[in-house]
Each structure stands twice: as structure tokens, then as C-alpha cells.
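**Q** could you work out the structure for the sequence below:
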Amino acid sequence: MGLLGSNTAAPVQTNTNSVIQSPVIHINLPQPSLPAEPKIEPLEIETLPVLTGVPDTKPEEEPDLRPQIYSLTPRITYVSENDDPEEGNGGIIEGGNSLRAVVATFRMKKPSPDGNDTYLTARLSYRTRENIIIRDIEKEIHRVNYGTWLGEEYNHVKMRITDTKELVLTLQADGSDVCLAVQDNRSSATKYNGLAFHKLEPNADSFFVGVTLVDANHGPVITYTYKIDVDPLRVHEIIRVPRP
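**A** As a prediction, the model looks like this:
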């Protein structure tokens with residue numbers, strides 16, 4: 001039999017497109033690690049123990065042992081020198097008709113709590129005040145270490161509760177504009193030197209007198225300032241300072 005008459009079918013060639021898939025490979029990459037948050041520890045507050053019964057360590061203020069003195073209204077009065085030895089060792093007493101005195105008046109409010117007697121002397125400072133180029137210039141023109149107490153035997157006075165004593169600030173002859181300061185040297189009966197007078201020359205219509213009262217046991221206890229007009233003679237208390 002020929003080839004054409006052969007019933008044998010020819011093989012059919014088929015083209016098969018096969019796709020080869022690559023296997024999927026899963027790679028687990030490590031995740032980047034974040035910095036750990038800092039751990040905040042709670043603050044510990046130290047509590048101090050409460051102490052009871054412990055005395056306060058603040059020092060206590062020392063008590064003021066000075067006597068309490070205050071001033072009354074100053075005044076102007078006629079005075080004279082005491083020439084009668086039977087009435088005391090000199091000094092200045094109230095009365096007369098030719099000599100005027102400006103006197104400051106002081107009274108004791110309370111004695112010293114330590115029980116000591118109060119013996120006072122007076123220091124006086126005489127000053128002028130001028131206005132120079134819009135500025136007040138103060139100048140001391142005289143000083144008295146022991147002032148004169150009106151009607152007293154010595155240059156110091158003993159004061160008890162409610163006692164009133166008067167201090168001579170200045171003297172002026174009637175009809176004159178000349179003022180005098182008085183230094184009292186009568187410290188005791190055995191040491192008698194009398195009074196010393198000093199003419200004040202303020203070169204102004206007024207001047208100032210600073211008065212400091214000094215206690216024999218406790219030192220300065222009070223300070224006042226007075227303004228004195230020369231013509232006519234007048235006095236003004238301008239500053240009140242209970243304690244220096």
C-alpha cells in the first residue's frame with residue numbers, strides 16, 4: 001500500500017506555551033527598633049518631721065528700759081537770775097520784768113521698768129539753715145552740754161511719774177533782738193561754777209534748737225527740735241521724735 005493510501009494519521013504537532021512561575025520567596029526583614037522611651041521615676045519629696053515642743057530660735061527683742069518722756073507746748077515767760085543763796089545755788093527762776101526766756105516743757109509718762117530713778121540732763125544744739133542754690137544748708141553755731149532747768153538747783157533734774165520740768169532754750173532782754181544761750185555748770189553743791197552766757201549770732205530772723213534729754217542710767221531718751229523767731233520773739237515746736 002502506498003503512502004497516500006495509508007490510514008495512519010500523521011501526528012499533529014501542537015505548540016504548548018508553558019509559563020514557568022518562579023516560586024515566591026517571602027523575606028521577613030527585621031523592623032527598625034525605636035529607642036525606648038526613658039523611664040521617668042517619680043520624684044521623692046523628703047518630708048521633714050514635725051517637731052513639737054521646740055522653742056523658737058528667733059532672738060527676743062530686748063525690753064526698752066528707758067523712761068518715757070514727752071513734751072508739752074513750749075512757752076515764753078519772764079525770768080530772772082536767782083541771787084538769793086537761801087533759795088538755791090543761783091540758776092534762773094520765773095519772775096521779773098526785763099528778761100524773757102523761751103522754755104521747753106517736758107513731762108514723764110512712764111518711769112524706767114528697772115526701778116532706777118530718772119536723772120535728766122539736756123544737750124542743746126543751736127543751728128541756722130540757709131537756702132543756697134535751691135539747697136538747705138544747716139550749720140551749727142553753738143552747743144550747750146548742760147542746759148539750764150527753770151527753778152532748779154543743779155544742771156540735772158530728777159523726774160517721777162507725771163512730773164513736769166521746764167528747760168531754758170534761750171534768753172532775750174526785753175526790747176532787744178539779741179538771744180543768749182545758757183550753759184549750766186552747777187553739777188553739785190560742792191562744784192558750783194554758776195551760769196555761762198553766750199551771745200547767739202545767727203545772722204537770720206530765726207534759728208533752730210535741737211534738744212536731747214539724756215538719762216544718767218540709759219543715755220538719750222528723747223529728741224525734739226524747736227524753731228525760734230528772733231524779732232518778735234516766738235517759738236515753734238517743729239519736730240516730735242519720741243525716741244532718738
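
**Q** wait, doesn't residue 92 sit right on residue 81?
**A** Yes: assessed by Cβ atoms under 8 Å, residue 92 is found in contact with residue 81 at 6.1 Å. Every C-beta, even on glycine, is put in place using the N, C-alpha and C of the backbone.

**Q** identify the contacts common to those two.
**A** Common neighbours of residue 92 and residue 81 (criterion: Cβ atoms under 8 Å, 6 or more residues apart in numbering): residue 195.

**Q** now the strands for this protein?
**A** Using DSSP state E, the strands of the chain run over 68-81, 92-94, 99-110, 118-131, 136-144, 157-159, 164-173, 179-184, 195-200, 206-215, 219-229, 234-241.

**Q** which strands and helices sit next to the first one?
**A** Right, strand 68-81. strand 92-94, strand 99-110, strand 164-173, strand 219-229, strand 234-241 (3 or more Cβ pairs under 8 Å, 6 or more residues apart in numbering; DSSP states H and E).

**Q** any low-confidence regions in the chain?
**A** Low-confidence segments of the chain, defined by pLDDT under 70: 1-59, 85-89, 131-134, 190-192, 239-244.

**Q** circling back: closest to residue 116 out of the helices and strands packed on strand 68-81?
**A** strand 219-229 (12.2 Å; Cβ to Cβ).

**Q** next, the buried residues of the closest one.
**A** 221, 222, 223, 224, 225, 226, 228 (16 or more other Cβ atoms under 10 Å).

**Q** measure the nearest residue to residue 201 once chain neighbours are set aside to residue 64 for me?
**A** Leaving aside its chain neighbours, residue 201 sits nearest to residue 141 (7.0 Å; criterion: Cβ to Cβ, 6 or more residues apart in numbering). As defined by Cβ to Cβ, to the nearest Å, residue 141 lies at a distance of 33 Å from residue 64.

**Q** more neighbours: which of those two?
**A** Neighbours were counted for residue 141 and for residue 64 using other Cβ atoms under 10 Å; residue 141 has more, 17 against 12.

**Q** the more buried one reaches residue 125, doesn't it?
**A** No: under the criterion of Cβ under 8 Å, residue 141 makes no contact with residue 125, lying 9.2 Å away.
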